[in-house]
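Colleague: Pasting the sequence and the predicted model now:
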Amino acid sequence: MDILRELIALDRAAAERVENVRAEQAKLIDDIGRTAAESDQKQVELERRRLEEFRADSVNRLAEKRSAAAQAQRSQTERLDGVFAERRSEWIADITRRITEV
C-alpha cells in the first residue's frame, strides 16, 4: 500500500511538474509573440517614417520642378512678347500688303 501511495504521490508530482512546464511554455510563447508583435510594430513605424520622408521629398522635388517650369514658361512668354512687340508693325504692314495686293 505504501508503494501505491508513493507511486500516486510521484504521479501527482510529475503531473504538477508537467503542468508547470506547460504553463511556463505558454508564458514563453506569449512573451515571444508579444516581442514579435512589438518588433513588427517598430518595423511598420520605421517603414511609415521612411515612406513619409520619401513622399515629402518627392513633393518638394516636384514643387521645385513646377516652379522651374513656371519660370521657364514666363521667360518664354516674355521673349515671345518682346519678339511680337519688335516685329508688330512689320507684320501688320506685311499682312496689309498681302491683303491689298490681291
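Modeller: On my side now, so go ahead.

Colleague: Any stretches of the chain with poor pLDDT?
Modeller: 102 (pLDDT under 70).

Colleague: give me that answer again for 80
Modeller: Within the chain, the segments meeting pLDDT under 80 span 1, 102.

Colleague: Tell me the helices and strands packed up against the helix or strand harbouring residue 10.
Modeller: Using DSSP states H and E, residue 10 sits in helix 2-101. Using 3 or more C-beta pairs under 8 Å, 6 or more residues apart in numbering; DSSP states H and E as the contact definition, helix 2-101 packs against no other helix or strand. Quick note: C-beta positions are derived from backbone N, CA and C, even for glycine.

Colleague: how far out from the middle of the chain is that helix?
Modeller: Shown here is helix 2-101, whose average C-alpha point lies 0 Å from the average C-alpha point of the whole chain (C-alpha atoms, centre = their mean, to the nearest Å).

Colleague: Would you mind measuring from residue 58 to residue 52?
Modeller: According to C-beta to C-beta, to the nearest Å, residue 58 stands 11 Å off from residue 52.

Colleague: That should have said residue 98, apologies.
Modeller: Using C-beta to C-beta, we find residue 98 at a distance of 62 Å from residue 52.

Colleague: ditto for residue 80
Modeller: The span separating residue 80 from residue 52 equals 42 Å under the rule C-beta to C-beta.

Colleague: swap in residue 88?
Modeller: For residue 88, the distance to residue 52 under the criterion C-beta to C-beta works out to 53 Å.

Colleague: Likewise for residue 77?
Modeller: Residue 77 is 37 Å from residue 52, by C-beta to C-beta.

Colleague: and what of residue 23?
Modeller: Note on residue 23: its distance to residue 52, by C-beta to C-beta, is 43 Å.
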